[in-house]
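A.B. asks: pasting the sequence and the predicted coordinates here, then a few questions.
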Amino acid sequence: MQLHQIAGNDLLLDVRNLETHFYGEDSVTRALGGISFQVKKGETLGVVGESGCGKSVTALSILRLLPKLTARTVGGQVRFHGRDLLELSDREMRKIRGDQIAMIFQEPMTSLNPVYTVGHQIAEAVQIHAKASRSVAMEKAEEMLRLVRIADPERRVNNYPHEMSGGMRQRAMIAMALACSPELLIADEPTTALDVTIQAQILRLIVDLKERTGTAVMFITHDLGVVAETCQRVIVMYAGQIVEQANVIDLFARPAHPYTQGLMRSVPDRRRGRQPRLPEIPGIVPSLREPIFGCSFAPRCPFVIDICREKTPVLRDVGSSHAAACWRAEEVMGA
Amino acid sequence: MATYILRRVVSTVAVMVMVGVFVFLLLRLAPGDPADIIAGPRATPEMIAGIREQLGLNQPLAIQFVHWALGILGGDLGTSIFTGRPVLELISQRLEPTISLSLLTIILSVTIGVSFGVLAAWRSGGLVDRILTAFATLGFSVPVFVVGFFLIYLFAIRIRWLPVQGYQPIDHGFGPWVVHLILPTVTLSVPYIAFIARIARASMLEVLSEDYMRTAAAKGASAYSMLFHHALKNAGVPILTVIGLSFAGLIGGVVITETVFNIPGVGRLVVDAINNRDYPIIQGVLILVSGLYVLINLAVDLSYTLVDPRIRY
Amino acid sequence: MNGPLLKVENLTKHYPLGSGIFKKSIPVIRAVEDVSFSVEAGETLCIVGESGCGKSTVARLLMRLVQPTSGRVMIDGTDIAGLKKDALHAWRRRMQMVFQDPYSSLNPRLTAGQIIAEPVENFERLSRKQRQALAADLLRKVGMSPEMMHRLPSELSGGQRQRLGIARALSLNPSLIIADEAVSALDVSVQAQILNLLLDLQLQMGIAFVFISHDLGVVEHIAHRVAVMYLGRIVELAPSEALFAKPVHPYTEALIAAAPVPDPTRIRLEAPVEGEVPSPINPPSGCAFHPRCPLAVERCRIDVPPLVPMPDGRVVACHVRAPATDIPGRLAEAGDCPLYPVAMSETLSARASRVHR
Amino acid sequence: MSWRGPRIFRKKDDKTFTAALKEPLGLLLDLLAKLAGPVPFMMREKDADRPATEQVTANIGSGPFKFNEALAKPGASFTYDRNDKYAPRKAAPDGLAGGKVVNVDRVIRENIADQQTAFAALQSGEIDYIESPSADLWALIESDPNLELQVRKSGSVFFMRMNCLLKPFDNVKARQAMLHLIDQEAVMRTTYPPKYINSVTSVFGNSTPYSNEETTGWFKKGGDPERAKQEAGYAGEKVVILDPTDWAAADNMAQLLAAALRKIGVNAELAPSDWGGLVARRANKGSVDNGGWGIFITNESDVARGDPVGNPTLSANGENGWYWPKDDEYEALRAKWSVVESLEERKSLARKMQRAYWNSVGTVLLGEALSSASHRKALTGLIDMPDCTPVWNMQKA
Amino acid sequence: MTLLSAPVEYVPTGRLRISDVPRLTRRHPLVSAGSGLLALLIILALAAPLCAGDPVNMDPFKRLQPPSAEMWFGSDNLGRDVFARTIFGARISLMVGLLSAASAAFAGLLIGVIAGYSRSFDNVVMRVMDGLMSIPTILLAIALISLTGPGIGILIVAIAIPETPAVARLVRSVVLGVRERPYVEAALCGGARLPKVLWRHILPSTIPPLMVQGATVCANAIMTEAGLSFLGVGVPPEIPSWGNMIASSRLYLAMAPLTIFAPGICLAVTVLAVNLLGDGLRDLFDPRAKRRR
């Protein structure tokens, strides 16, 4: 069920009840329990949550990059410009990947093919989608390296990944993703593995390029600080569900879901000065192998009441473009 | 790079010397010596002792070794006691068949082995994977000579397509040369196809689970380019290693195949030499083989740089 | 005890690169360069810096997992840097370590009980009952139920495993624990639990911590004093509040500015510092930060700035912000430096970019 | 007895030479025309006059075939081309003599290590002729329409030599007991088909003129193990039987012998090795425990048993003879062999020698296996003679 | 922050209980097929005297008989019962295979661990191993056996020696890898001395790859024994082994095929079983394989 509909024409991606399961030897893990969200053209949507909440699985499900044998998207729709990507044939899907929807990954060390030069790998994207000749594609690669502010791109284009630092490799990844000027860039924890100063440079770069090319960015991260600095709208995920959705200012000002609130408080923050003890979220994330009754956060929630254990809360409006999946969302916002 | 190669070549010589000494002593300790064989079954012990004297076999070991080692340095592997011909000449006569058989076997094993491995990895878990893995395990489980006799029985006797035995030198025309090598090559290749396919499959599976394969998919690369363009080159190092190992193990297999198909190669030469206790031939061949083996290893190590830019010497 | 619990003097570690017989001078990686600091009993000293700055090497040097090239590590006045095997063995009881990756720091084939009790068993024989009692006690100390002692690490969550790591460190009840990125591999919520545990342990048992991290938020929360390292050297060592209130060394300032803060309304600076961390094989001359430093002057390129004491108890290695006075012992006043007018810190923020929303 | 005799031959004219001897040698002609055992080769003086170990490399090619040096691959194959300059005799071929007409251009002698492969090559027509194929293939050769098995009248005699220097075979009773034990047919049938084996009881083989029935009673009664053991006064000594694993026939027989001895309580043990190892161990006179031996099995062509002087296996002169049987009476008789003139005198001498030999039992005969050759039917003109088939006179259809 | 490094080497997932066996066999068909078959062969070999006649008694008169009630597989060229010899042959071939695999594994483990841990010893040992590996297995075996004459003991040594370098190299690489793992450093910090670190922390992780390599060596050993017997230097003739049975009866392929196919098939089945076990163990111990399957 989708709340405040975004006006038809500037709606880029519309995900409805997306459900993905992983099949182990003798267990089925419900990595995504049916999530719905939208991405507007040119918007930066933050997807935040702890490990195992399903944020990366969402991205892989959208691009249908899940491992063939062990995972399958069992339900829902992924409408991109109105076309449902889940229905497309492999050939059609391959046309979209890298051309209209691009993706960058977390580990700069292992996400680039170690035995080919960086230029070659960037050029490959151009050759696949723009059917360009080798030389044209290499020129484009050089141009892209200059766009991502890598020093003397003529030399760097012939470097191998192991001859570049972590930061430079991530810039090359971004160059490769944007080579065919996609409409949507999915960034899965792009700066997590980088040092703080380099992370700042890369975040800056993503924001600048986004404004210049008008690409929508789906920014997946677990770091609330990064979300605050780069995203315009945020969805918070927990145990394969979307528990809260809001624009970034509202989310940080008045979090409407106990999990979001708990997360924000447990991050050491200078403004609150030095407390002796950080507020904790007790317990651990529920296992997604067994079905969950009622609200998945109930066992760890300070606001839990009986209904929470019986009926699963539905994502409902608690303010202008601010939704939360909690029966006592209003009280939480007040706390 | 040059210093690395130099160091490796020096170690090659060291290995050959070590093998030389090891084999020299091993043979001298073995019961029976050429004099017994030359004298023939009806010779009396005294006649045998006489022949041994003339062949200089009862000089102290050290002197014999020094004499032989000096010969080696001068490039002379000594003369065969049994046939009186220089060992180098005997070996060079027998080189062509063994090299032809080994080369064809490696070419066949690598092409089929690698493609089986890649196919099995791509269809991992599926029916194709199970069949190819089963074949690989089976291929590895049947002794070479059983395969050999089976093929002779089937192709040469039953349907008479291919010759049973013998070897036609290549200068007698490419046709007869190949025809005579088909059965032996297939026989010898069966275990190596299995060996290479298993390793190729394992290293391909390893590479296919790497992050950069996901990046390639995210770029919209086709299955073919992901397999043969992105993955195969990364799986190159382990595959090259196994090819190097197969080359080394080949000498053992060649001996049996040459016996089954009556190919006058180095393998057969050595086995006969062992039966006749013809020390110079045994020592000569084993040293050349060990030298060849270490050089093959060096070639394989250097070939790594072609496949993986990260490897520099 | 009179002097500080731990006193490190001019600790240095160089890794030779390759050992070619033909090469004359063997190039060296200067991982740790002339590092000195001290830790009082019950105090938490944090070492902060980006990857490649040598903070982990310092930890491994303190625990003698690696031989130092030169310098002294004094515990209660005894230098353990040079001790040989058996002599070193005795000192192991005083100092223990907690590792970063909960998955690979516990032997997957041993049960929790065996892992925790192993350090004690290295020093004295334990009967089964004694071992189980010790394990139960340690598990309770780190907030886990004693039955967990029969579990294998693979059956526990990341947070629980890290608690086992801490319990193992506590088994010899050391007076100092070195935590090398102990919470970096954990999720935020679990991180909070572990940080609280460490603070509780410090209060109850008076344990000193050398806490190594790259996360400034965590550092600010638990540190009494902070040492900032860059390319093997300490560039600033100061009490935590003073450092975060007013960072003096430009690199510290850039670090704090770069760290993302969970407040969308904050003015976002232009990327505080450009360029990459230089390679440790041939570090830049003089102050290693000068190629990336906005305040760099001619002198920074020539000689290495010494650590100069400042009035508020911190030491800073920067020709611009803390020029070495010619009179030894006299503290450099913050205002002393002509280049450090109060307004200075604004020049950095002056480059704040347009508020992007 | 080495034969480097004084210069006794002198050239009379192009076609004849004379030989002047100090003492009478009835066998001169026989020795010059010998077929088996040490065979005389006629060479030019300068080729003949060199030390025994040095190889004669000169090949003159005066016979029907010339040795093709270029194609020679020692151990693998030797090639002989037709010698056009050779003019054969007018007479018909008779054994190794007579007219040597060559009807083929080239003969290649291929050394095929594996019998199975050789047989398969013969079947598929890649080779035309196999000299003494393995016995197990005889049945197959006979059943194949386009192959022919040529069984010769005589073959090779297998015999067992016991170490007379060591217990238990230093006691002649023990050696005589062995005569009882051996059931010749069982031993031969381990390797050869029944219709191609003959029992052999005479010291001089079956097909030689001197073969006779003197004191061969031992064999006729056949194996009676218990009686054999009491007579020998066997006291449990270990008997080591040398077993050449790379020679099928001797290997089978050694295994059968070991099993038979064990069955009657003799502590028999097999010492397997390849032929090289066997020959080395055989020369060791030491006790069984430090490298010595008890029994070994070997064979030689039946024809060779007709020459007690030339063939060392027929000597019995103790330790410097052929593996040490000692019988002075037999030796005395043997010394007269070359002196005796006529065939009849030699035959009666042979009978006396055989009686002495069987009383001292220098060796135990195991039986004779007829030698054979096989060839494709397309190959005709093969000369039938004992032991070998000359290559000339053959014709390929 | 997603956890940085998933565990590389095998992680035991809880205690192995008998009740797990059905689940495990379904999950790991290769291991169960391989070990089941191997167990069957071992039982067959051990129970040989019960179910088979006397493999050694010869009766030249009953040579090369076709299969009959009395002799299920007929008789060989010396009139011995082929069925009995095949079953007794299982003993020798399995013993040669398992013992040489065990000795190669043990020697390889010892050399590998020492080479993995002390740098100086490492260079010397690796050069010797290279030398040893450069001599072809068959020729080394022939030379060794001709040294002392055929016998099962020397045969096992002759097969084990060429296999040892491969095992040593494998163990060395595992030790070099594990040595850097944090839990080994943690043990050192805890004051554990070298022998305890080696025994408790490093050795256990060499066992899984060793078992996989052991299976391959065992398969090789059985094949090499067959090869050596074919060349006439393998197990002495009167002791029945599949190798020397195949070798000695290859002439009778046409007349009495069972004399060569009975041992041949058994040999292939055994080596297949060992290889299946090897493949299964490799998948069982390689966590990455689990994730992909």
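C.D. replies: Good, I have the coordinates.
A.B. asks: residues in contact with stretch B:142-156?
C.D. replies: Here stretch B:142-156 makes contact (Cβ atoms under 8 Å, 6 or more residues apart in numbering or on different chains) with B:161-165, B:183-184, B:186-188, B:190-191, B:253, B:256-257, B:259-261, D:116-117, D:120, D:124, E:223, E:226-227, E:230, E:246, E:250, E:253, E:260, E:264, E:267-268, E:271. All C-beta atoms are positioned from the backbone trio N, CA, C, and that covers glycine.
A.B. asks: from what I see, D:Phe78 and D:Lys66 are in contact.
C.D. replies: No: D:Phe78 is beyond contact range of D:Lys66, at 11.6 Å (criterion: Cβ atoms under 8 Å).
A.B. asks: intersection of neighbour lists for the two?
C.D. replies: Counting by Cβ under 8 Å, 6+ apart, D:Phe78 and D:Lys66 have no shared contacts at all.
A.B. asks: who's in contact with residue 279?
C.D. replies: In the absence of a named chain, this looks at chain A. Counted by Cβ under 8 Å, 6+ apart, A:Pro279 has contacts A:262, A:265-266, C:192.
A.B. asks: actually chain B
C.D. replies: B:24, B:27-28, B:33-34, B:81.
A.B. asks: ramachandran angles for C:Ser213?
C.D. replies: Here is the backbone geometry of C:Ser213 (degrees, to the nearest 10): phi -160, psi 160.
A.B. asks: sorry, slip of the keys, the one I care about is A:Thr29.
C.D. replies: Taking degrees, to the nearest 10 as the convention, A:Thr29 sits at phi -100, psi 130.
A.B. asks: cool, C:Pro239 as well?
C.D. replies: phi -60, psi 150.
A.B. asks: picking up where we left off before, ChimeraX command to pick out the buried ones of the contacts of stretch B:142-156?
C.D. replies: Restricted to buried positions by 16 or more other Cβ atoms under 10 Å in any protein chain shown, the ChimeraX selection for the contacts of stretch B:142-156 reads:
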select /B:162,163,164,165,183,184,186,187,188,190,191,253,256,257,259,260,261 /D:116,117,120,124 /E:223,226,227,230,246,250,253,260,264,267,268,271
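A.B. asks: tell me the average confidence for the host helix or strand of D:Arg161?
C.D. replies: In this structure, D:Arg161 sits in strand D:147-162 according to DSSP states H and E. The average pLDDT for strand D:147-162 rounds to 86.
A.B. asks: okay, now the sheet partners of it, with direction.
C.D. replies: Strand pairing for strand D:147-162, determined by DSSP bridges: strand D:295-301 (antiparallel), strand D:363-376 (antiparallel).
A.B. asks: once you drop chain neighbours, what's closest to D:Lys347?
C.D. replies: Sequence neighbours aside, D:Tyr210 is the residue nearest to D:Lys347 in space, at 5.9 Å (criterion: Cβ to Cβ, 6 or more residues apart in numbering or on different chains).
A.B. asks: got a list of what that neighbour touches?
C.D. replies: D:Tyr210 neighbours (Cβ under 8 Å, 6+ apart): D:202, D:204, D:306, D:346-347, D:350.
A.B. asks: closest to C:Phe289 among these?
C.D. replies: Nearest to C:Phe289, judged by Cβ to Cβ, of the contacts of D:Tyr210 is D:Gly306 at 108.0 Å.
A.B. asks: okay, the closest one: pLDDT?
C.D. replies: 79.
A.B. asks: same deal with E:Leu140?
C.D. replies: Predicted confidence (pLDDT) for E:Leu140: 75.
A.B. asks: and it, what is it in contact with?
C.D. replies: E:Leu140 is in contact with E:158, E:161-162, counting by Cβ under 8 Å, 6+ apart.
A.B. asks: how about the residues of chain B near chain A?
C.D. replies: Within chain B, the residues that sit near chain A (Cβ under 8 Å from any Cβ of the partner chain) are B:124-125, B:210-212, B:214-222, B:230, B:233-234, B:236, B:307-310.
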